[in-house]
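Asker: model this:
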Amino acid sequence: MSGKPVTAVVFDLDGVLIDSIELMRAAFQSAYAEVVGDGPAPFEEYLKQLGRHMPDILAIMALPARMYPAFVRHSNALVHLTPAAPGAHRLLDELADAGLALAVATGKSRERAEQVLAVVGLRDRLDAVCGSDEVPAGKPAPDIVELALHRLGAAPAEAIMVGDSPLDLRSGRAAGTRTAAALWGQGSAEELLACEPDLAAASCDDLLARLSALIGVRR
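Answerer: All right, here's what the predicted structure looks like:
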């Protein structure tokens, strides 16, 4: 990375700070069975759109809008099982200790994001949480990253967007931030690296080390 020092970090949520993909798969399958019927749900196709607000994903996939409330209900029943990504607590703690402003910008609604962050013990470590229900257009549009930067009082040139999907990286780039590929998430490393992120990390600990060299995080 080059340019101004990083003073703010905006994170995607699912696959980056929380290890939620398998619980998401179970909720998606249950919602599909309830609304559409028997058979395997097209979850892998859903993952390709992860980062967008779910009603938008359902429209893109030509699935019934009624799947959204069903998915939320099934997800809420499983939320207590959600684990944080390995190293996520330390990552946020050390970045906050270094004086960085921290936010989440997620395809989830803000209410659902707040709920799961509280469950995994990460909410108090964040300065802002932004959901896709709060912006006109979801990722890859810049809206949600811009909202996060506004709430943090951070300039795009001093921020970095961390995500595990090309949609996350494209959203950050469109908002004028630098970008970091979270290779520990659900996204394809090949697709993430093809987006030419400013840095790529294999884990939360690896991301902390790479940022530490640039911003002086205490180790």
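
Asker: In the protein, mark out all the helices, start to finish.
Answerer: Ranges of helices within the chain are 21-35, 43-48, 54-60, 67-78, 88-97, 110-120, 143-152, 166-175, 189-194, 204-215, based on DSSP state H.

Asker: the bottom helix or strand of this protein by mean pLDDT?
Answerer: helix 204-215 (a mean of 88; mean pLDDT, DSSP states H and E).

Asker: elements contacting that one?
Answerer: helix 88-97, strand 178-182, strand 199-201 (3 or more CB pairs under 8 Å, 6 or more residues apart in numbering; DSSP states H and E). For the C-beta atoms, the positions are set from N, CA and C on the backbone; glycine is no exception.

Asker: How is this protein divided into domains?
Answerer: Under the assignment automatic domain parsing, the domains of the chain span 8-19+83-215, 21-81.

Asker: Point out where the protein drops to low pLDDT.
Answerer: 1-3, 214, 216-219 (pLDDT under 70).

Asker: do that again at 80, thanks
Answerer: 1-4, 213-219 (pLDDT under 80).

Asker: Could you tell me how far the least confident helix or strand of the chain lies from the centre of the chain?
Answerer: Taking CA atoms, centre = their mean, to the nearest Å, one finds helix 204-215 lying 18 Å from the centre of the chain it belongs to.

Asker: mind saving the C-alpha coords of that helix as CSV?
Answerer: Extracted in CSV, the C-alpha atoms of helix 204-215 (Å, rounded to 0.1, in the frame of the first residue of the first chain):
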residue,chain,number,x,y,z
CYS,A,204,-6.8,-12.4,10.9
ASP,A,205,-3.4,-12.7,12.5
ASP,A,206,-1.7,-12.3,9.1
LEU,A,207,-3.8,-9.2,8.4
LEU,A,208,-2.8,-7.8,11.7
ALA,A,209,0.9,-8.4,11.0
ARG,A,210,0.6,-6.8,7.5
LEU,A,211,-1.2,-3.8,8.9
SER,A,212,1.2,-3.6,11.8
ALA,A,213,4.2,-3.0,9.5
LEU,A,214,2.3,0.0,8.0
ILE,A,215,0.6,1.7,11.0
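
Asker: ok, and what's touching it?
Answerer: 1, 5-6, 9, 85-88, 90-91, 94-95, 98, 100, 160, 162, 180, 182, 184, 199, 201, 217, 219 (CB atoms under 8 Å, 6 or more residues apart in numbering).

Asker: my read: residue 180 touches residue 164, true?
Answerer: No - counting by CB atoms under 8 Å, residue 180 does not reach residue 164; the two are 10.0 Å apart.

Asker: returning to what we had before: okay, the helices of the chain in JSON lines with mean neighbour count next?
Answerer: What follows is these, written out as JSON lines (neighbours: other CB atoms under 10 Å):
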{"stretch": "helix 21-35", "mean neighbour count": "18"}
{"stretch": "helix 43-48", "mean neighbour count": "16"}
{"stretch": "helix 54-60", "mean neighbour count": "18"}
{"stretch": "helix 67-78", "mean neighbour count": "17"}
{"stretch": "helix 88-97", "mean neighbour count": "18"}
{"stretch": "helix 110-120", "mean neighbour count": "18"}
{"stretch": "helix 143-152", "mean neighbour count": "23"}
{"stretch": "helix 166-175", "mean neighbour count": "25"}
{"stretch": "helix 189-194", "mean neighbour count": "14"}
{"stretch": "helix 204-215", "mean neighbour count": "18"}
